[in-house]
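Undergrad: need coordinates for the following:
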Amino acid sequence: MKILFINKYDTSGGAAIAAWRLHEQLEADPGTENVFLVGQKRSSSPIVRETRKPGLERFLERGSNFLLNRMGLQYVWFPFSDARIRALVRELKPDVISMHNIHGGYFSTGLIRDISARSPVVWTLHDMWAFTGNAVHTFGDESWKSLRRGAYEHRSFPSIGLPTGHWLLRRKKRIYGNSDLTIVTPSRWLYDLARQSPLLENKRLVQIYNGVDLRKFITGNRAEAKMALGIDPAMKVVSFSAEKLMDSEHKGGKTLLEVLRVLDAADSPVCLLTIGGGHIPQGFPSLKVVEMGYLTDEARYIQCLQASDVYMHTTKADTLPNTLIEAIACATPCV
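TA: Numbers count the residues shown, from 1 in each chain. Below is the predicted model:
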């Protein structure tokens with residue numbers, strides 16, 4: 001069986017990790033061939049191809065995407081990626097297309113109809129974007145249930161200029177209606193929302209949890225893990241992923257700052273262990289901050305979870321993210 005995976009990235013972000021783990025498990029079957037097609041390649045794997053070339057092509061597509069988004073024409077056309085995606089699907093003739101995050105400025109929504117005409121598509125949703133006008137989350141606004149845009153939805157990530165949500169919703173409905181789609185959600189919450197979407201009516205909808213390898217993510221000795229990271233074993237450790245916490249509307253940066261103020265005033269010192277590309281703002285003199293940055297070494301990442309007394313996840317909306325599953329698998333309490 002030949003499977004084509006499509007996602008914004010190959011190894012960066014929760015959707016990429018979930019897709020890559022599917023690939024790793026399927027790879028154990030000698031009769032399976034996997035290929036990844038991504039908007040931007042982050043690994044050196046030979047099975048990963050990009051929808052556009054780095055440099056001029058990527059620059060031009062980013063520019064056109066910005067201008068079209070300002071006009072409210074979200075993901076209607078990409079001069080290089082569209083042609084390359086169609087060509088690769090024709091070349092590979094995959095038995096199944098495993099589609100993940102297609103929002104991100106590299107995949108035209110209309111391509112769903114084109115590629116599903118050649119191969120059945122299993123679309124794993126990692127947020128609400130598939131059935132809203134333009135946003136990954138609407139934070140309780142249920143206008144999408146009646147094919148209407150939310151009042152402020154156009155300002156939510158990935159934002160658009162003109163509020164064209166009505167048109168975008170109807171466009172998605174036409175595209176999905178003419179596509180061979182099976183929808184997968186990793187959480188019951190997202191499944192219940194997708195089930196109420198008029199865009200996905202008559203589509204097969206399945207809920208499948210994201211997987212984690214319980215042979216790797218295991219309970220460890222907390223004191224030993226702290227020492228290995230250069231942290232006093234007597235110190236309490238609070239860890240979290242710092243990627244775009246302060247820049248993203250739904251990642252919960254404001255909530256994080258409130259928590260940090262409380263921890264900074266605690267009687268005993270607390271260590272903040274951050275994982276990812278973000279940075280803790282200044283102004284918390286009593287906190288010991290250990291920034292691990294991006295961790296490509298999975299063993300080191302597991303060690304961080306094992307060293308944590310609490311893993312904190314401040315997001316306003318999420319769909320059973322890998323980080324929480326991984327922390328729980330390491331017997332780390334999550335908040």
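Undergrad: in the protein, which spans are helices?
TA: Secondary structure of the chain by DSSP state H: the helices cover 14-26, 56-70, 81-92, 111-116, 165-177, 188-195, 222-228, 253-264, 298-307, 322-329.
Undergrad: out of those, which comes closest to Asn134?
TA: helix 165-177 (5.8 Å; C-beta to C-beta). Placement of C-beta: from N, CA and C, glycine included.
Undergrad: who does that closest one touch, helix- and strand-wise?
TA: Applying 3 or more C-beta pairs under 8 Å, 6 or more residues apart in numbering; DSSP states H and E, one finds that helix 165-177 makes contact with helix 111-116.
Undergrad: name the residues of the helix it packs on that are buried.
TA: 111-116 (16 or more other C-beta atoms under 10 Å).
Undergrad: try stretch 120-138
TA: 121-138.
Undergrad: what's the first-to-last distance across that stretch?
TA: The straight-line separation of the ends of stretch 120-138 (C-alpha to C-alpha, to the nearest Å) is 29 Å.
Undergrad: quick one: mean pLDDT for that stretch?
TA: Taken as a whole, stretch 120-138 has a mean pLDDT of 97.
Undergrad: where does the prediction get shaky in this structure?
TA: 242-250 (pLDDT under 70).
Undergrad: in it, which residue sits furthest out from the middle?
TA: Each residue of the chain has a distance to the centre, and by C-alpha atoms, centre = their mean the biggest one is for Asp267: 37.0 Å.
Undergrad: rewinding a little: adding distance to Glu153, write the buried residues of helix 111-116 out as a markdown table.
TA: Formatted as a markdown table, these follow (distance: C-beta to C-beta, whole Å):
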| residue | distance to Glu153 |
| --- | --- |
| Leu111 | 23 |
| Ile112 | 21 |
| Arg113 | 24 |
| Asp114 | 27 |
| Ile115 | 27 |
| Ser116 | 26 |
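Undergrad: and these, which is closest to Leu88?
TA: Using C-beta to C-beta, those come closest to Leu88 at Ile115, 9.4 Å.
Undergrad: any idea how far the residue lying closest to the closest one once chain neighbours are set aside is from Asp232?
TA: The shortest distance from Ile115 to any non-neighbouring residue, by C-beta to C-beta, 6 or more residues apart in numbering, is to Val89 (4.9 Å). Here Val89 is placed at a distance of 54 Å from Asp232 (C-beta to C-beta, to the nearest Å).
Undergrad: please consider this matter closed, and thank you.
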